[in-house]
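Visitor: what's the 3D shape of this:
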Amino acid sequence: MGNIIVTGAGSGLGRALTSGLVARGHRVAMMGRRYQKLQALEAEFGEAVTGIAVDLSHHEAVEMAFASAVEWGGLPDLVIHCAGVGEFGPIGVYTAAQVRRVVENNLISTILVAQQTVRLIGERGGVLANVLSSAAQVGKANESLYCASKWGMRGFLESLRAETKSSPLRLVNLYPSGIRSEFWDNSDHVDSSDFMTPEDAAEYMLDALAARSSCHVTDL
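Guide: Numbers count the residues shown, from 1 in each chain. Take a look at the predicted model:
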């Protein structure tokens, strides 16, 4: 792997993945909504990274962000889509704005990032890795909206896997359970103090994403 795109790079798992990739000698185009956090990472990692502020739920914005990443570092060998949000609580409490926020930032962003990745490296080859969640595998109380968006992501990505079966593009779906980060700040239904750290989760993921000549991970 050489040039890499990481979305949601400003905090939590995305930040840990960026740090781990830089430590392994890669260059990372970091995408996120809050440019101040990306600027801080630019100051920390120097020329190994570039920050691109973008709302990944908008088609034109995704195209422009990927174009900027390619202009900076060339076509990516790996795209890790880590961006996402959560809204929690019992069914019946979600507002229309909350529903839109979760669906746009989780499901729609996954579709748009995947489409752009396929256009860029579908025929050339590389890896598209998506961070879903164990919430894409089982229903969870007080997480119905979050689970719905993650199950939608899984359905889309499994269909994409079927479509790209004969192409050199490799798809990897990552299903971490709870990760200790600010993601849980707006939730009171779980205690995240015993969850895995972003750094530990990132190391496991990066080890699994390392290419092998004879085999590769498809789900983790």
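Visitor: Tell me how many other residues surround the residue lying closest to residue 196 once chain neighbours are set aside.
Guide: Spatial nearest neighbour of residue 196, excluding adjacent residues (Cβ to Cβ, 6 or more residues apart in numbering): residue 179 at 5.7 Å. Any C-beta I mention is one placed from the backbone N, CA and C, and that applies to glycine too. Neighbour count for residue 179, taken as other Cβ atoms under 10 Å: 21.
Visitor: pLDDT score for residue 179?
Guide: pLDDT, residue 179: 74.
Visitor: quick one: residue 59 and residue 112 touch, right?
Guide: Yes - with contact defined as Cβ atoms under 8 Å, residue 59 reaches residue 112; the gap is 5.8 Å.
Visitor: just the strands in this structure please.
Guide: Counting by DSSP state E, the chain has strands at residues 3-7, 27-32, 49-53, 78-81, 126-131, 169-174.
Visitor: how far out from the middle of the chain is the second one?
Guide: Here the centre of strand 27-32 is set off from its chain's centre by 11 Å, with Cα atoms, centre = their mean, to the nearest Å.
Visitor: So for that strand, mean pLDDT?
Guide: Averaged over strand 27-32, pLDDT sits at 97.
Visitor: just the fifth one next, same as before
Guide: For strand 126-131, mean pLDDT is 95.
Visitor: do the fourth one as well
Guide: In this model, strand 78-81 carries a mean pLDDT of 97.
Visitor: ok, residues contacting that strand?
Guide: Contact with strand 78-81 is made by 1, 4-8, 14, 17, 109-110, 113-114, 117, 121, 126-131, 209, as judged by Cβ atoms under 8 Å, 6 or more residues apart in numbering.
Visitor: Next, work out how far apart the residue lying farthest from the centre of the chain and residue 131 are.
Guide: Residue farthest from the centre of the chain, counting by Cα atoms, centre = their mean, is residue 92 at 28.3 Å. Using Cβ to Cβ, to the nearest Å, residue 92 is found at 28 Å from residue 131.
Visitor: what's around the residue nearest to residue 91 when sequence neighbours are not counted, how many residues?
Guide: Distances taken as Cβ to Cβ, 6+ apart put residue 144 closest to residue 91, at 5.2 Å, once the chain neighbours are dropped. Residue 144: 17 surrounding residues under other Cβ under 10 Å.
Visitor: Before I go, just wanted to say thanks for your time.
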